[in-house]
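Trainee: How does the following fold in three dimensions:
(one chain, ligands or ions: 2)
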Amino acid sequence: MGINLSGRNYLKLLDYTSQEIRYLLDLSKNFKDMKRAGVPHRYLEGKNIVLLFEKTSTRTRCSFEVAGRDLGMGVTYLDPGSSQMGKKESIPDTARVLGRMYDGIEYRGFSQELVETLAEYAGVPVWNGLTDEFHPTQMLADMLTIEEKLGRLKGVNFTYMGDARNNMGNSLMVVCAKLGLNFTACAPKELFPAEDLVAKCREIAKESGSTITLTEDVKEGTTNADVIYTDIWVSMGEPDEVWESRIKMLKPYQVNAAAMANAKKDAIFMHCLPSFHDTKTTIGAEIAKKFGVTEMEVTDEVFESKQSVVFDEAENRMHTIKAVMYATLK
Ligand code: CP
Ligand code: NVA
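Mentor: Ligands and ions are numbered 1, 2, ... in the order given. Model (predicted):
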(Lines give C-alpha, C1' and ligand atoms only; values in the text may rest on other atoms or scores of the structure.)
(Ligands and ions follow the chains in the order given, each with its own letter.)
Protein backbone atom coordinates (compact mmCIF):
# COMPACT_ATOMS: atom_id res chain seq x y z
CA MET A 1 0.00 0.00 0.00
CA GLY A 2 1.20 3.51 -0.79
CA ILE A 3 2.20 5.95 1.97
CA ASN A 4 -0.44 8.54 2.87
CA LEU A 5 0.52 11.22 5.41
CA SER A 6 -2.44 13.49 4.73
CA GLY A 7 -3.74 15.10 7.94
CA ARG A 8 -0.77 13.92 10.05
CA ASN A 9 1.18 16.08 12.51
CA TYR A 10 4.98 16.24 12.24
CA LEU A 11 6.09 16.54 15.88
CA LYS A 12 8.98 14.08 16.30
CA LEU A 13 10.46 11.28 14.22
CA LEU A 14 9.64 8.65 16.84
CA ASP A 15 6.07 8.96 15.48
CA TYR A 16 7.16 8.09 11.91
CA THR A 17 8.16 4.74 10.39
CA SER A 18 11.35 4.42 8.39
CA GLN A 19 9.22 3.93 5.24
CA GLU A 20 7.38 7.19 5.92
CA ILE A 21 10.68 9.04 6.42
CA ARG A 22 11.98 7.48 3.20
CA TYR A 23 8.85 8.70 1.39
CA LEU A 24 9.43 12.27 2.68
CA LEU A 25 13.06 12.17 1.50
CA ASP A 26 12.04 11.02 -1.98
CA LEU A 27 9.38 13.72 -2.13
CA SER A 28 11.99 16.31 -1.08
CA LYS A 29 14.23 15.23 -3.96
CA ASN A 30 11.35 15.71 -6.41
CA PHE A 31 10.63 19.18 -5.06
CA LYS A 32 14.32 20.09 -5.23
CA ASP A 33 14.49 18.99 -8.87
CA MET A 34 11.37 20.98 -9.72
CA LYS A 35 12.68 24.10 -7.98
CA ARG A 36 16.04 23.82 -9.76
CA ALA A 37 14.34 23.31 -13.13
CA GLY A 38 11.98 26.24 -12.55
CA VAL A 39 8.88 24.01 -12.75
CA PRO A 40 6.00 25.64 -10.85
CA HIS A 41 4.41 23.51 -8.11
CA ARG A 42 1.59 25.56 -6.61
CA TYR A 43 -0.20 22.36 -5.54
CA LEU A 44 -1.71 23.86 -2.37
CA GLU A 45 -3.15 27.03 -3.88
CA GLY A 46 -5.88 28.52 -1.68
CA LYS A 47 -4.54 27.09 1.58
CA ASN A 48 -3.08 29.18 4.41
CA ILE A 49 -0.49 28.42 7.07
CA VAL A 50 0.65 30.21 10.23
CA LEU A 51 4.17 30.15 11.66
CA LEU A 52 4.48 30.60 15.45
CA PHE A 53 7.95 31.39 16.72
CA GLU A 54 8.68 31.71 20.45
CA LYS A 55 12.42 31.51 19.71
CA THR A 56 14.43 33.24 16.97
CA SER A 57 15.14 31.64 13.58
CA THR A 58 16.64 32.28 10.15
CA ARG A 59 16.60 28.93 8.30
CA THR A 60 13.40 27.41 9.66
CA ARG A 61 11.30 30.54 9.28
CA CYS A 62 12.57 31.30 5.78
CA SER A 63 12.16 27.68 4.71
CA PHE A 64 8.53 27.60 5.80
CA GLU A 65 7.85 30.98 4.19
CA VAL A 66 9.47 30.21 0.83
CA ALA A 67 8.19 26.63 0.69
CA GLY A 68 4.68 27.79 1.61
CA ARG A 69 4.68 30.42 -1.15
CA ASP A 70 6.18 28.02 -3.72
CA LEU A 71 3.26 25.69 -2.96
CA GLY A 72 0.86 28.59 -3.57
CA MET A 73 -0.18 29.12 0.06
CA GLY A 74 -0.76 32.24 2.12
CA VAL A 75 1.73 32.53 5.00
CA THR A 76 1.36 34.43 8.32
CA TYR A 77 4.32 34.84 10.70
CA LEU A 78 3.66 35.45 14.41
CA ASP A 79 6.20 35.98 17.18
CA PRO A 80 5.38 36.26 20.90
CA GLY A 81 5.73 40.05 20.73
CA SER A 82 3.00 40.37 18.12
CA SER A 83 0.46 37.80 19.35
CA GLN A 84 -1.43 36.93 22.54
CA MET A 85 0.11 33.45 22.64
CA GLY A 86 1.33 32.39 26.07
CA LYS A 87 0.86 35.71 27.86
CA LYS A 88 -2.88 36.36 27.48
CA GLU A 89 -4.01 33.22 25.73
CA SER A 90 -3.22 29.59 26.56
CA ILE A 91 -1.81 27.18 24.00
CA PRO A 92 -5.06 25.14 23.76
CA ASP A 93 -7.07 28.35 23.15
CA THR A 94 -4.54 29.64 20.61
CA ALA A 95 -4.62 26.27 18.83
CA ARG A 96 -8.39 26.23 18.58
CA VAL A 97 -8.51 29.77 17.19
CA LEU A 98 -5.76 29.24 14.62
CA GLY A 99 -7.15 25.83 13.62
CA ARG A 100 -10.34 27.60 12.50
CA MET A 101 -8.45 29.94 10.18
CA TYR A 102 -5.44 28.04 8.93
CA ASP A 103 -4.82 24.71 7.20
CA GLY A 104 -1.53 24.07 9.00
CA ILE A 105 0.46 25.44 11.95
CA GLU A 106 4.23 25.54 12.48
CA TYR A 107 5.46 25.98 16.06
CA ARG A 108 8.96 26.71 17.42
CA GLY A 109 9.24 27.00 21.18
CA PHE A 110 10.29 25.45 24.42
CA SER A 111 8.86 22.17 25.72
CA GLN A 112 7.90 19.29 23.46
CA GLU A 113 4.74 19.04 25.55
CA LEU A 114 3.65 22.45 24.24
CA VAL A 115 3.79 21.46 20.60
CA GLU A 116 2.06 18.16 21.41
CA THR A 117 -0.74 20.09 23.17
CA LEU A 118 -1.04 22.47 20.25
CA ALA A 119 -1.48 19.49 17.94
CA GLU A 120 -4.05 17.91 20.23
CA TYR A 121 -6.29 20.99 20.05
CA ALA A 122 -5.62 22.48 16.60
CA GLY A 123 -7.59 20.07 14.40
CA VAL A 124 -5.16 20.76 11.54
CA PRO A 125 -1.60 19.44 10.97
CA VAL A 126 1.01 20.91 13.32
CA TRP A 127 4.73 20.89 12.39
CA ASN A 128 7.45 21.12 15.04
CA GLY A 129 9.95 23.80 14.01
CA LEU A 130 12.17 23.00 17.06
CA THR A 131 11.56 22.42 20.75
CA ASP A 132 14.05 21.90 23.58
CA GLU A 133 13.80 18.15 22.93
CA PHE A 134 13.50 17.65 19.17
CA HIS A 135 14.15 19.34 15.81
CA PRO A 136 12.50 16.96 13.32
CA THR A 137 12.40 19.17 10.20
CA GLN A 138 16.19 19.56 10.44
CA MET A 139 16.54 15.76 10.31
CA LEU A 140 15.15 15.41 6.79
CA ALA A 141 17.53 18.09 5.48
CA ASP A 142 20.46 16.35 7.17
CA MET A 143 19.59 12.91 5.78
CA LEU A 144 18.97 14.30 2.29
CA THR A 145 22.37 16.01 2.39
CA ILE A 146 24.17 12.84 3.52
CA GLU A 147 22.52 10.82 0.78
CA GLU A 148 23.45 13.43 -1.83
CA LYS A 149 27.08 13.58 -0.68
CA LEU A 150 27.80 9.95 0.22
CA GLY A 151 25.27 8.18 -1.99
CA ARG A 152 23.81 6.13 0.86
CA LEU A 153 22.39 6.24 4.39
CA LYS A 154 22.43 2.63 5.62
CA GLY A 155 25.72 1.71 7.25
CA VAL A 156 27.05 5.28 7.33
CA ASN A 157 29.16 5.96 10.45
CA PHE A 158 27.68 9.12 11.93
CA THR A 159 29.43 10.90 14.83
CA TYR A 160 27.82 13.70 16.79
CA MET A 161 30.25 15.74 18.92
CA GLY A 162 29.30 18.15 21.70
CA ASP A 163 26.06 18.65 23.63
CA ALA A 164 24.51 15.28 22.85
CA ARG A 165 21.40 15.65 25.01
CA ASN A 166 19.94 18.68 23.26
CA ASN A 167 17.29 18.78 20.53
CA MET A 168 19.89 18.02 17.84
CA GLY A 169 21.63 15.15 19.62
CA ASN A 170 18.28 13.54 20.45
CA SER A 171 16.80 13.93 17.00
CA LEU A 172 19.90 12.73 15.16
CA MET A 173 20.08 9.61 17.34
CA VAL A 174 16.44 8.84 16.48
CA VAL A 175 16.74 9.42 12.73
CA CYS A 176 20.00 7.43 12.49
CA ALA A 177 18.38 4.51 14.33
CA LYS A 178 15.32 4.64 12.04
CA LEU A 179 17.31 4.81 8.79
CA GLY A 180 20.15 2.44 9.67
CA LEU A 181 23.10 4.82 10.20
CA ASN A 182 25.54 3.87 12.99
CA PHE A 183 25.18 6.69 15.53
CA THR A 184 27.96 7.69 17.93
CA ALA A 185 27.54 10.42 20.53
CA CYS A 186 31.02 11.67 21.39
CA ALA A 187 30.52 13.85 24.47
CA PRO A 188 31.21 14.18 28.18
CA LYS A 189 29.05 11.79 30.25
CA GLU A 190 27.05 14.67 31.75
CA LEU A 191 25.86 15.55 28.24
CA PHE A 192 24.97 12.06 27.01
CA PRO A 193 21.37 11.72 25.77
CA ALA A 194 18.76 10.54 28.31
CA GLU A 195 18.91 6.82 29.09
CA ASP A 196 15.29 6.08 28.18
CA LEU A 197 15.71 7.65 24.73
CA VAL A 198 18.97 5.75 24.20
CA ALA A 199 17.21 2.50 25.11
CA LYS A 200 14.35 3.27 22.73
CA CYS A 201 16.78 4.09 19.91
CA ARG A 202 18.77 0.88 20.54
CA GLU A 203 15.57 -1.09 20.05
CA ILE A 204 14.85 0.75 16.79
CA ALA A 205 18.48 0.37 15.64
CA LYS A 206 18.24 -3.40 16.15
CA GLU A 207 15.48 -3.49 13.56
CA SER A 208 17.36 -1.37 11.04
CA GLY A 209 20.64 -3.23 11.65
CA SER A 210 22.60 -0.26 13.01
CA THR A 211 24.29 0.66 16.30
CA ILE A 212 24.10 3.38 18.97
CA THR A 213 27.39 4.14 20.76
CA LEU A 214 28.07 6.64 23.54
CA THR A 215 31.69 7.53 24.23
CA GLU A 216 33.72 10.17 26.03
CA ASP A 217 36.81 9.23 24.03
CA VAL A 218 37.36 11.56 21.05
CA LYS A 219 39.74 9.22 19.25
CA GLU A 220 37.35 6.28 19.55
CA GLY A 221 34.34 8.42 18.63
CA THR A 222 35.78 9.94 15.49
CA THR A 223 37.82 7.06 14.04
CA ASN A 224 36.34 5.80 10.78
CA ALA A 225 33.49 8.34 10.79
CA ASP A 226 31.79 9.16 7.47
CA VAL A 227 30.03 12.18 8.98
CA ILE A 228 31.12 14.44 11.83
CA TYR A 229 28.30 16.65 13.10
CA THR A 230 28.19 19.30 15.79
CA ASP A 231 25.90 22.01 17.17
CA ILE A 232 26.32 25.10 19.34
CA TRP A 233 27.37 24.46 22.95
CA VAL A 234 24.58 26.53 24.54
CA SER A 235 21.12 26.25 23.00
CA MET A 236 18.33 28.80 22.77
CA GLY A 237 16.50 29.15 26.07
CA GLU A 238 19.51 28.18 28.22
CA PRO A 239 20.81 30.85 30.62
CA ASP A 240 24.00 32.79 29.75
CA GLU A 241 25.57 31.54 32.99
CA VAL A 242 26.13 28.09 31.52
CA TRP A 243 28.60 29.32 28.88
CA GLU A 244 31.62 29.08 31.18
CA SER A 245 31.06 25.50 32.31
CA ARG A 246 29.95 24.38 28.84
CA ILE A 247 33.13 25.78 27.23
CA LYS A 248 35.25 23.92 29.79
CA MET A 249 33.31 20.72 29.35
CA LEU A 250 33.11 20.78 25.55
CA LYS A 251 36.46 22.24 24.47
CA PRO A 252 37.92 18.71 24.03
CA TYR A 253 34.97 17.90 21.75
CA GLN A 254 35.54 20.77 19.32
CA VAL A 255 35.49 19.63 15.69
CA ASN A 256 38.97 20.59 14.50
CA ALA A 257 41.52 19.34 11.98
CA ALA A 258 42.69 16.61 14.38
CA ALA A 259 39.15 15.24 14.79
CA MET A 260 38.57 15.32 11.02
CA ALA A 261 41.91 13.55 10.45
CA ASN A 262 40.66 10.58 12.52
CA ALA A 263 37.60 10.28 10.32
CA LYS A 264 37.55 8.69 6.86
CA LYS A 265 39.41 10.61 4.14
CA ASP A 266 36.21 11.61 2.34
CA ALA A 267 34.23 12.32 5.54
CA ILE A 268 31.90 15.31 5.55
CA PHE A 269 31.40 17.96 8.24
CA MET A 270 27.83 18.98 9.12
CA HIS A 271 26.18 21.56 11.41
CA CYS A 272 22.55 22.64 11.65
CA LEU A 273 23.71 26.31 12.02
CA PRO A 274 23.98 28.97 13.33
CA SER A 275 27.59 28.29 14.30
CA PHE A 276 30.28 29.97 16.39
CA HIS A 277 33.35 29.33 14.24
CA ASP A 278 34.82 32.84 14.53
CA THR A 279 34.25 36.09 16.41
CA LYS A 280 32.17 37.81 13.72
CA THR A 281 28.91 37.62 15.74
CA THR A 282 27.88 39.61 18.81
CA ILE A 283 27.89 36.55 21.06
CA GLY A 284 31.07 35.15 19.46
CA ALA A 285 32.87 38.44 20.17
CA GLU A 286 31.53 38.58 23.75
CA ILE A 287 32.67 35.03 24.47
CA ALA A 288 36.12 35.77 23.04
CA LYS A 289 36.42 38.80 25.32
CA LYS A 290 35.16 36.99 28.40
CA PHE A 291 36.77 33.56 28.05
CA GLY A 292 39.49 34.01 25.41
CA VAL A 293 37.89 31.44 23.07
CA THR A 294 37.74 32.56 19.43
CA GLU A 295 36.27 29.38 17.91
CA MET A 296 33.86 27.11 19.69
CA GLU A 297 32.16 23.91 18.51
CA VAL A 298 34.05 23.94 15.18
CA THR A 299 37.21 25.67 14.02
CA ASP A 300 36.98 28.16 11.18
CA GLU A 301 39.38 25.93 9.23
CA VAL A 302 36.98 22.96 9.29
CA PHE A 303 33.87 25.12 8.79
CA GLU A 304 35.36 26.66 5.64
CA SER A 305 36.97 23.44 4.38
CA LYS A 306 35.97 21.41 1.31
CA GLN A 307 34.63 18.73 3.65
CA SER A 308 32.06 21.13 5.07
CA VAL A 309 28.58 20.76 3.54
CA VAL A 310 26.76 23.13 5.88
CA PHE A 311 25.29 25.42 3.22
CA ASP A 312 23.93 22.52 1.14
CA GLU A 313 22.37 21.32 4.36
CA ALA A 314 20.82 24.75 4.96
CA GLU A 315 19.36 24.85 1.43
CA ASN A 316 17.87 21.41 1.95
CA ARG A 317 15.84 22.72 4.89
CA MET A 318 13.54 24.42 2.37
CA HIS A 319 13.06 21.45 0.03
CA THR A 320 12.38 19.04 2.91
CA ILE A 321 10.00 21.37 4.76
CA LYS A 322 8.11 21.73 1.49
CA ALA A 323 7.77 17.95 1.33
CA VAL A 324 6.45 17.77 4.90
CA MET A 325 3.83 20.46 4.27
CA TYR A 326 2.75 18.97 0.95
CA ALA A 327 2.50 15.41 2.28
CA THR A 328 0.44 16.39 5.34
CA LEU A 329 -1.82 18.98 3.65
CA LYS A 330 -2.54 17.48 0.24
N1 CP B 1 19.05 25.13 11.89
C2 CP B 1 18.05 25.96 12.26
O3 CP B 1 17.00 25.53 12.75
O4 CP B 1 18.29 27.27 12.05
P5 CP B 1 17.39 28.49 12.53
O6 CP B 1 17.47 28.54 14.03
O7 CP B 1 17.99 29.69 11.87
O8 CP B 1 15.98 28.25 12.10
N1 NVA C 1 20.49 23.29 19.68
C2 NVA C 1 20.25 24.52 18.98
C3 NVA C 1 19.73 24.24 17.59
C4 NVA C 1 19.53 25.45 16.74
C5 NVA C 1 19.01 25.12 15.37
C6 NVA C 1 19.26 25.37 19.75
O7 NVA C 1 18.25 24.84 20.24
O8 NVA C 1 19.51 26.56 19.92
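
Trainee: Only C-alpha atoms from now on, for both contacts and neighbour counts.
Mentor: Will do.

Trainee: Excluding chain neighbours, what is closest to the residue of the stretch 151-300 of the chain found nearest ligand 1?
Mentor: When scored by C-alpha to the nearest ligand atom, the stretch 151-300 of the chain has residue 272 as its residue closest to ligand 1, at 4.3 Å. Closest residue to residue 272 apart from its sequence neighbours, by C-alpha to C-alpha, 6 or more residues apart in numbering: residue 231 at 6.5 Å.

Trainee: So what touches the helix or strand residue 147 falls within?
Mentor: Secondary-structure assignment from DSSP states H and E places residue 147 in helix 136-150. Residues outside helix 136-150 that contact it (C-alpha atoms under 8 Å, 6 or more residues apart in numbering) are 10-13, 21, 24-25, 29, 128-130, 152-153, 171-172, 175, 272, 309, 312-314, 316-317, 319-321.

Trainee: let's go with 6 Å and repeat that
Mentor: Contact with helix 136-150 is made by 12, 153, 313, 316-317, 320, as judged by C-alpha atoms under 6 Å, 6 or more residues apart in numbering.

Trainee: Sitting in helices, which of these do you find?
Mentor: Among the contacts of helix 136-150, the residues falling in helices (DSSP state H) are 313, 316-317, 320.

Trainee: quick revisit: now render the contacts of helix 136-150 as a markdown table, adding neighbour count, pLDDT and distance to residue 214.
Mentor: Listed next are the contacts of helix 136-150 as a markdown table, based on neighbours: other C-alpha atoms under 10 Å; pLDDT from 0 to 100; distance: C-alpha to C-alpha, whole Å:
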| residue | neighbour count | pLDDT | distance to residue 214 |
| --- | --- | --- | --- |
| 12 | 23 | 98 | 22 |
| 153 | 19 | 98 | 20 |
| 313 | 22 | 98 | 25 |
| 316 | 24 | 98 | 28 |
| 317 | 27 | 99 | 27 |
| 320 | 31 | 99 | 29 |
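
Trainee: Take those residues and lay them out in a markdown table including distance to ligand 2.
Mentor: Formatted as a markdown table, the contacts of helix 136-150 follow (distance: C-alpha to the nearest ligand atom, whole Å):
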| residue | distance to ligand 2 |
| --- | --- |
| 12 | 15 |
| 153 | 22 |
| 313 | 12 |
| 316 | 14 |
| 317 | 11 |
| 320 | 15 |
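
Trainee: which one of these sits closest to residue 297?
Mentor: residue 313 (17.4 Å; C-alpha to C-alpha).

Trainee: OK, contacts around that closest one?
Mentor: Per C-alpha under 6 Å, 6+ apart, neighbours of residue 313: 141, 145.

Trainee: hang on, the earlier thing: could you list the buried residues of the helix holding residue 147?
Mentor: For helix 136-150, burial by neighbour count (16 or more other C-alpha atoms under 10 Å) applies to 136-146.

Trainee: just stretch 266-281 next, same as before
Mentor: The neighbour-count criterion (16+ other C-alpha under 10 Å) identifies 267-272, 275-279 as the buried residues of stretch 266-281.

Trainee: And for stretch 98-113?
Mentor: Quick answer for stretch 98-113 (16+ other C-alpha under 10 Å): 98-99, 102-110, 112.

Trainee: Could you list which of those residues also contact ligand 2?
Mentor: Near ligand 2, taking C-alpha under 6 Å from any ligand atom as the test, no member of the buried residues of stretch 98-113 is found.

Trainee: how about JSON lines for those residues, with distance to residue 166, pLDDT and secondary structure added?
Mentor: JSON lines is the format used below for those (distance: C-alpha to C-alpha, whole Å; pLDDT from 0 to 100; DSSP: H, G, I helix; E, B strand; the rest coil):
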{"residue": "98", "distance to residue 166": "29", "pLDDT": "96", "secondary structure": "helix"}
{"residue": "99", "distance to residue 166": "30", "pLDDT": "97", "secondary structure": "helix"}
{"residue": "102", "distance to residue 166": "31", "pLDDT": "98", "secondary structure": "coil"}
{"residue": "103", "distance to residue 166": "30", "pLDDT": "98", "secondary structure": "coil"}
{"residue": "104", "distance to residue 166": "26", "pLDDT": "98", "secondary structure": "strand"}
{"residue": "105", "distance to residue 166": "24", "pLDDT": "98", "secondary structure": "strand"}
{"residue": "106", "distance to residue 166": "20", "pLDDT": "98", "secondary structure": "strand"}
{"residue": "107", "distance to residue 166": "18", "pLDDT": "96", "secondary structure": "strand"}
{"residue": "108", "distance to residue 166": "15", "pLDDT": "96", "secondary structure": "strand"}
{"residue": "109", "distance to residue 166": "14", "pLDDT": "94", "secondary structure": "coil"}
{"residue": "110", "distance to residue 166": "12", "pLDDT": "94", "secondary structure": "coil"}
{"residue": "112", "distance to residue 166": "12", "pLDDT": "97", "secondary structure": "helix"}
